[in-house]
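Q: Predicted model follows, preceded by the sequence.
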Amino acid sequence: MNDHARIEELLAARALGGLEPEEERALARERAAHGPACEECARLERAYAETAGLLALALEPVPVREGLEDEVVARALGRPAGPSPGPRVSRRSGLVRGLAALGTAAAFVAAGWFLRGLAAPGDGGGFTVVRFEGAAGGVLAVAFRPGEPGAYLLGADLPAPPEGKRYELWLIRDGRPRPGGCFAPVGGTVQMPVEGDIGAAELLAVTVEPAACPASPTAEPILTASLEAV
Amino acid sequence: MREPGDPELLVAVAAGDERAFRRLFRRYGPHAQALALRVTGAPFLAEEAVQEAFVAAWEGARTYDPSRGSVRSWLMGMVHNRAVDLVRREASQRRRADLVVVEPAEDPADRVVAALGARGEGERVRDALGALPPEQRRVIELMYFEGLSQSKVAERLSLPLGTVKSRTLLGMRRLREALAGMER
């Protein structure tokens, strides 16, 4: 093995994000042994970082959500975000207080759920929270401000759907379901903007669907939430 | 009017130019989103990774060192690191197949290779990936696009760790050669 073989092996793997912590430390030791001015080390690091960075181009670009640019800029510059399409939630928002009133706070805390905080502080939330009923396990609720566009689907302690399946949300009016978005819990947690106009729906339902997320439900609902009283 | 190059944009970002920052975001946001979504499989985690990476880019623009790599690789590297951190922290037991947004293929590498999109750079990268021996492509795919460490790849594929390491290195050497000259 030549002088840089081990370093090259570690750098190539690190560029891909493939090193365990002890291997990161091993790389740091190897680099330290070669010194900060080692040109070959620097050349290898740059070459593999470039190669890995190009791998991202193999994927089809995905349009970012409307409003994300403003949120990123606001967060970077440390100022309040501009208008955004949906409700914002934070640990101190009315959403969490509303969910706590439903007895779900312990579930969220236990699930280690975190919420990105972009709500205007002290606004009391003003959210309406409607909890789903059903036998799926866990907690699922939809949060929105009546009369305003946008809504969030929020869940904790939800079981993973069967292999090859996902949950799908339906917005139902006059008996006609429209897709509201597909999702699968991550560690039991769900946080998803609802697709479509929730204000036009009378009932929400969740079914278990194929991963391709069909345009019409293929199964009976496992969770439902009525919006008629809202 | 000529579009500013990446180095030019980053110099402006380092000087606190919000418009340059927005330009950088528009240029790479969709690629960042695609990468983060591919790694995390969850839109809200992907957005978190993208946000964190671009905020880090704003804060770190002044200390960016061009000798360590292009702006693009620097940015995509941050997106990737954050996506991997998030997915490893948030879902150590989740099943990858349940969270992929795009239609899962038999071999995740095939999905990447088969994606049809803008010609040029993307196509060249896809061709280079496709030209790799399947066993090398697979380990690289699992590490980069699914956020697995080499140890986890070895576990997933029931291979010795040493085999995974050598396939990684051989595959990356081939990719490096195939993609030479694409640096910005």
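A: Looks like it came in fine. Numbers count the residues shown, from 1 in each chain, chains lettered A, B, ... in the order given.

Q: Where does pLDDT dip in chain A?
A: Filtered on pLDDT under 70, chain A yields the residue ranges A:1-2, A:80-126, A:135, A:149, A:229-230.

Q: In three-state terms, label the residue in chain B positioned nearest to chain A for me.
A: Closest to chain A within chain B is residue B:73: 2.9 Å, counting by Cβ to the nearest Cβ. C-betas here are computed from N, CA, C, even on glycine. Using DSSP: H, G, I helix; E, B strand; the rest coil, the structure places residue B:73 in helix.

Q: Quick check, it in contact with residue A:49.
A: Yes - between residue B:73 and residue A:49 there is a contact under Cβ atoms under 8 Å: 5.0 Å.

Q: now the strands for chain A?
A: A:128-131, A:133-134, A:139-144, A:151-156, A:165-173, A:176-183, A:190-193, A:203-210, A:223-226 (DSSP state E).

Q: Kindly reformat those strands as a markdown table and extend each row with distance to residue A:19 and mean neighbour count.
A: Shown next, in a markdown table, are the strands of chain A (distance: least, Cβ to Cβ, whole Å; neighbours: other Cβ atoms under 10 Å in any protein chain shown):
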| stretch | distance to residue A:19 | mean neighbour count |
| --- | --- | --- |
| strand A:128-131 | 43 | 19 |
| strand A:133-134 | 43 | 12 |
| strand A:139-144 | 37 | 25 |
| strand A:151-156 | 32 | 25 |
| strand A:165-173 | 32 | 23 |
| strand A:176-183 | 31 | 19 |
| strand A:190-193 | 30 | 22 |
| strand A:203-210 | 36 | 20 |
| strand A:223-226 | 41 | 18 |
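
Q: out of these, which comes closest to chain B?
A: Taking those one by one with Cβ to the nearest Cβ, strand A:190-193 is closest: 4.6 Å.

Q: list the helices and strands the closest one packs on?
A: Packing partners of strand A:190-193 (3 or more Cβ pairs under 8 Å, 6 or more residues apart in numbering or on different chains; DSSP states H and E): strand A:151-156, strand A:176-183, helix B:43-60.

Q: Export these as CSV, with columns for distance to residue A:72.
A: Compiled in CSV, those are given as follows (distance: least, Cβ to Cβ, whole Å):
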stretch, distance to residue A:72
strand A:151-156, 19
strand A:176-183, 22
helix B:43-60, 5
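
Q: which residue ranges form the helices in the chain?
A: No chain was given, so I picked chain A. Applying DSSP state H to chain A gives helices spanning A:5-15, A:21-34, A:39-55, A:68-77, A:94-101, A:105-110.

Q: wrong one, chain B
A: Using DSSP H, helices in chain B cover B:6-14, B:18-40, B:43-60, B:71-90, B:96-99, B:108-114, B:121-131, B:134-144, B:150-157, B:161-178.

Q: mean confidence score for the shortest one?
A: Model confidence over helix B:96-99, given as mean pLDDT, is 44.

Q: likewise the last one?
A: Averaged across helix B:161-178, the pLDDT comes to 97.

Q: Would you mind writing the CA trace of it as PDB?
A: Extracted in PDB, the C-alpha atoms of helix B:161-178 (Å, rounded to 0.1, in the frame of the first residue of the first chain):
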ATOM      1  CA  LEU B 161     -16.400  -4.600   5.100                       C
ATOM      2  CA  GLY B 162     -13.100  -4.800   3.200                       C
ATOM      3  CA  THR B 163     -15.000  -5.700   0.000                       C
ATOM      4  CA  VAL B 164     -17.300  -2.700   0.400                       C
ATOM      5  CA  LYS B 165     -14.300  -0.500   0.900                       C
ATOM      6  CA  SER B 166     -12.500  -1.700  -2.200                       C
ATOM      7  CA  ARG B 167     -15.600  -1.500  -4.400                       C
ATOM      8  CA  THR B 168     -16.200   2.000  -3.100                       C
ATOM      9  CA  LEU B 169     -12.700   3.100  -3.900                       C
ATOM     10  CA  LEU B 170     -12.600   1.400  -7.300                       C
ATOM     11  CA  GLY B 171     -16.000   2.900  -8.200                       C
ATOM     12  CA  MET B 172     -15.100   6.400  -7.100                       C
ATOM     13  CA  ARG B 173     -11.800   6.200  -9.100                       C
ATOM     14  CA  ARG B 174     -13.800   5.300 -12.200                       C
ATOM     15  CA  LEU B 175     -16.300   8.100 -11.600                       C
ATOM     16  CA  ARG B 176     -13.600  10.600 -11.000                       C
ATOM     17  CA  GLU B 177     -12.000   9.800 -14.300                       C
ATOM     18  CA  ALA B 178     -15.300   9.700 -16.200                       C
END
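
Q: Measure how it sits relative to helix A:21-34, angle-wise.
A: 60 degrees (axes from the mean of the first three to the mean of the last three Cα atoms, to 10 degrees).

Q: Which secondary structure elements does helix B:161-178 sit against?
A: The contact analysis (3+ Cβ pairs under 8 Å, 6+ apart) places helix B:161-178 against helix A:5-15, helix A:39-55, helix B:121-131, helix B:134-144, helix B:150-157.
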